[in-house]
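Trainee: Predicted model and sequence below, questions to follow.
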Amino acid sequence: MLTRDRSKGRSRGVLGLLDIGTSKNACLIVALDRGAAVAGRPSGRVVGLGHKRSRGIKAGVITDLEHAEQAVRACVGDAERMAGVTLDAVLVAVGCGRIRSQTFAANAEIANGIVADADIARVLSGGHAYVERDGRRLLHMNRIAFRLDGAPGASNPRGMAARRLTADLTAVTADEAPLRNIAVLLDRCFLGLDGFVASPYASALAVTSAEERRLGVTAIDIGAGTTKIGMFVDGHLIAAEVVPVGSDHITYDIARALRTPLAEAERIKALYGTVLFAQSDEHEVFSYPLADEEGYYQATKAQLARIVAQRAQSLFGLIEERLDRSGMRHLAGRRFVLTGGGAELVGLAELAANRLREPVRVAGPSGPSGLPQAVRVPAFATVVGLLQAAEEAERAPGGQELAGAGDGYLGRVGRWLMEGL
C-alpha cells in the first residue's frame, strides 16, 4: 500500500469532502475556520469544487473499479486545480453496504461508586462491540444521553456517584466489504481516508436547521440510485435508512414504456417530467426517437406523468415502510424535508405531502461561504453536509463519532480498513 505524509495538507488548514454517487461525483475543498459556526451554519470557506459524471458505481456500490477510479480522479483533480492545493486525504460520504441504524443501551457497573473516564470508555467500547457483528462496520455512533442507576438526564456523568452507568446510543452500520472497496478506490487515487460519514446523516444536516432537528424532522434525499432517510429528535440522529431506489428508476420506466434510449428518457424526464398533470396535458404531445428504429414517435404529457407518478408512488410506499419499521416515525415524522437531485421533479413535494400526510418542503444546502450558487441546490446536499458532519463531531467530543476520524476507536477502524488492503 502506498503511504504518504498527510501533515502537509492538514497544516494548510484544508479539508477534502467527497461524495461518490451513482450519477455524479462531487468534491469540495474547504479552508477551515476554527472559530464557531454562526447561527448553526458551517464555518469555513469553499476554495475548490469539482463534479463529474460518475462511472463504475451502482446504488453507491463500486461495480467497476477502473472506471470509478478514472471518474474520482477527474473530479478531485478539478477541485485541486481550483483550490491550488493537493489533497492528501478526504472525508467520504457512503450510502452503500445496506446502511441501517439501531438505538440501544450499553451498561457498565461502577466498581468504586464514582464514574471515571475509564467507565465511560468501557460503556462505549461495549456499544462498539455490540454493533460490530456479522460483518457489519460502524459508521457513526451518537451518544444521546447517560443514565445513572436508571435515572435519566446526566449529560456529563464524570465524577458523579452511581453503581451503574448506562449510555443510550444510536449506531449507524454498514456491510464491511463495500467500505473496503471504497478504501481501495481511494488508495488507487493516492488519497488517504479522513473518515466515513453516512450519506443520510450528511444530507440531513445540510438541509435542516438546528431547531428542526431539535423538534423532530425527517430528511429524505432522493438520489439517482438510492434514497437516503435521516431522522432527528432532540438534535440527535435517531434513525438512518437507505432505500435502493432513486430517480434513475424513473428514467428506466420512461425508457421501457416509451421504447426510447436511456439518454433520451433522461432528457424527457428533465424537460417534461412531473407527477401532476392537467386535463390539457392529454392533448399536449412531444416527439422522441424510438430505440434501434428510425423516425420519431409522439406521446402526451399526461402519458408521461402517469409513468412518473406510478414510480414516485411506489418509492414513497417504500419510504413509508422504512419509516414505520424504524419505530421512530411518531417522534420525527411531523416535519419532512426533501433533497437530492430527484427531489426537484415537478410536483413531487405535493405528492409526498399527500402520501405522508404531513407538510413537506424541498431544500438545498445553505453551505459555507464561497459555495457557488449553482451548488446550493438539492443535488449537492450530501457533499456540503460532510463539512457540517465533521463539525458536529468536533463540537461534541466523545458524543458523536465518525468512522475513520481521529485517533480513538473509530480512527482505528479507518486505519484497519486501509491496512487490510
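Mentor: Noted; the coordinates are in hand.

Trainee: that's a helix at residue 185, yeah?
Mentor: Yes - counting by DSSP: H, G, I helix; E, B strand; the rest coil, residue 185 falls inside a helix.

Trainee: ok, for it, nearest residue in space, not its chain neighbours?
Mentor: Of all residues not flanking residue 185 in the chain, residue 68 sits nearest, at 5.6 Å (CB to CB, 6 or more residues apart in numbering). (Each C-beta comes from the backbone N, C-alpha and C, glycine too.)

Trainee: hang on, isn't the one you found packed against residue 53?
Mentor: No - the pair residue 68 and residue 53 does not pass the contact test of CB atoms under 8 Å, sitting 11.8 Å apart.

Trainee: Neighbour count: these two, which is higher?
Mentor: Using other CB atoms under 10 Å as the criterion, residue 68 and residue 53 rank with residue 68 on top: 24 against 11.

Trainee: In the stretch 151-300 of the chain, mark out all the helices, start to finish.
Mentor: 176-188, 199-207, 210-215, 247-258, 262-272 (DSSP state H, counting those that start in this stretch).

Trainee: Which neighbouring elements make contact with the first one?
Mentor: Here helix 176-188 is seen to pack against strand 61-62, helix 65-83, strand 89-94, strand 136-148, strand 192-198, helix 409-419 when contacts are counted using 3 or more CB pairs under 8 Å, 6 or more residues apart in numbering; DSSP states H and E.

Trainee: now for the first one, which elements pack on it?
Mentor: Based on contacts counted as 3+ CB pairs under 8 Å, 6+ apart, the elements that strand 61-62 packs against are helix 176-188.

Trainee: Helix 65-83 and the helix it packs on, what's the angle between them?
Mentor: In this structure, helix 176-188 runs at an angle of 50 degrees to helix 65-83, with axes from the mean of the first three to the mean of the last three CA atoms, to 10 degrees as the basis.

Trainee: How about the residue nearest the centre of the chain, nearest residue that isn't a chain neighbour?
Mentor: The chain has residue 199 as the residue nearest its centroid, 1.3 Å off, counting by CA atoms, centre = their mean. Nearest in space to residue 199, with sequence neighbours left out and distances taken as CB to CB, 6+ apart, is residue 95 at 3.8 Å.

Trainee: my read: the one you found touches residue 57, true?
Mentor: No - counting by CB under 8 Å, residue 95 stays clear of residue 57, with 10.2 Å between them.

Trainee: residues shared between the contacts of those two?
Mentor: Common contacts of residue 95 and residue 57, defined by CB atoms under 8 Å, 6 or more residues apart in numbering, comprise residue 21.

Trainee: Low-confidence stretches in the stretch 301-421 of the chain?
Mentor: When the per-residue scores of the stretch 301-421 of the chain are filtered using pLDDT under 70, the ranges that remain are 394-421.

Trainee: Then the chain?
Mentor: When the per-residue scores of the chain are filtered using pLDDT under 70, the ranges that remain are 1-12, 34-43, 394-421.

Trainee: so the longest helix along it versus helix 247-258, what angle?
Mentor: With residue count as the measure and DSSP state H as the assignment, the chain has helix 301-326 as its longest helix. Angle of helix 301-326 versus helix 247-258, following the same axes, to 10 degrees, is 140 degrees.

Trainee: which helices and strands does helix 301-326 pack with?
Mentor: With contacts taken as 3+ CB pairs under 8 Å, 6+ apart, helix 301-326 sits against strand 217-222, strand 227-233, strand 236-243, helix 247-258, helix 262-272, strand 285-289, helix 348-356.

Trainee: On the C-terminal side of that helix, identify the next helix or strand.
Mentor: Past helix 301-326, further along toward the C-terminus, the next helix or strand under DSSP states H and E is helix 329-332.

Trainee: Just the CA atoms of that next one, as CSV, please.
Mentor: The C-alpha coordinates for helix 329-332 follow below in CSV (Å, rounded to 0.1, in the frame of the first residue of the first chain):
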residue,chain,number,x,y,z
ARG,A,329,-42.0,7.9,13.0
HIS,A,330,-44.1,9.1,15.9
LEU,A,331,-41.1,11.1,17.1
ALA,A,332,-39.6,12.6,13.9
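
Trainee: In terms of secondary structure, what does the helix or strand following it contact?
Mentor: Using DSSP H and E, the helix or strand that directly follows helix 329-332 along the chain is strand 336-339. The elements that strand 336-339 packs onto, with contact taken as 3+ CB pairs under 8 Å, 6+ apart, are helix 199-207, strand 217-222, helix 348-356, strand 360-362.

Trainee: residues in contact with strand 336-339?
Mentor: 203-204, 206-208, 212, 217-222, 348-349, 352-353, 356, 358-365, 378, 381.

Trainee: higher neighbour count, residue 95 and residue 57?
Mentor: A direct count of neighbours by other CB under 10 Å for residue 95 and residue 57 places residue 95 higher, at 30 against 24.

Trainee: pretty sure residue 201 is in contact with residue 141, am I right?
Mentor: No - in this structure residue 201 lies outside contact range of residue 141 using CB under 8 Å: 11.4 Å.

Trainee: neighbour count winner among these two?
Mentor: Under the criterion of other CB under 10 Å, the comparison of residue 201 against residue 141 puts residue 201 first, with 30 against 24.

Trainee: contacting residues for the more buried one?
Mentor: By CB under 8 Å, 6+ apart, the contact list for residue 201 reads 140, 172, 230, 237, 240, 385, 389.

Trainee: and the two most separated of those?
Mentor: Among the contacts of residue 201, the pair separated by the greatest distance (CB to CB) is 172 and 385, at 14.2 Å.

Trainee: Neighbour count for these two, which is higher?
Mentor: Ranked by neighbour count (other CB under 10 Å), residue 172 and residue 385 place residue 385 first, with 32 against 27.

Trainee: State the distance from the more buried one to residue 154.
Mentor: As defined by CB to CB, to the nearest Å, residue 385 lies at a distance of 30 Å from residue 154.

Trainee: if we can go back for a sec, mean neighbour count, the helices of the stretch 151-300 of the chain: which tops it?
Mentor: helix 199-207 (a mean of 31; mean count of other CB atoms under 10 Å).

Trainee: Now find how far off-centre it is within its chain.
Mentor: For helix 199-207, the distance from its own C-alpha centre to the chain's C-alpha centre is 5 Å (CA atoms, centre = their mean, to the nearest Å).

Trainee: Can you check what angle separates it from strand 192-198?
Mentor: Compare the direction of helix 199-207 with that of strand 192-198 by the same axes, to 10 degrees and you get 80 degrees.
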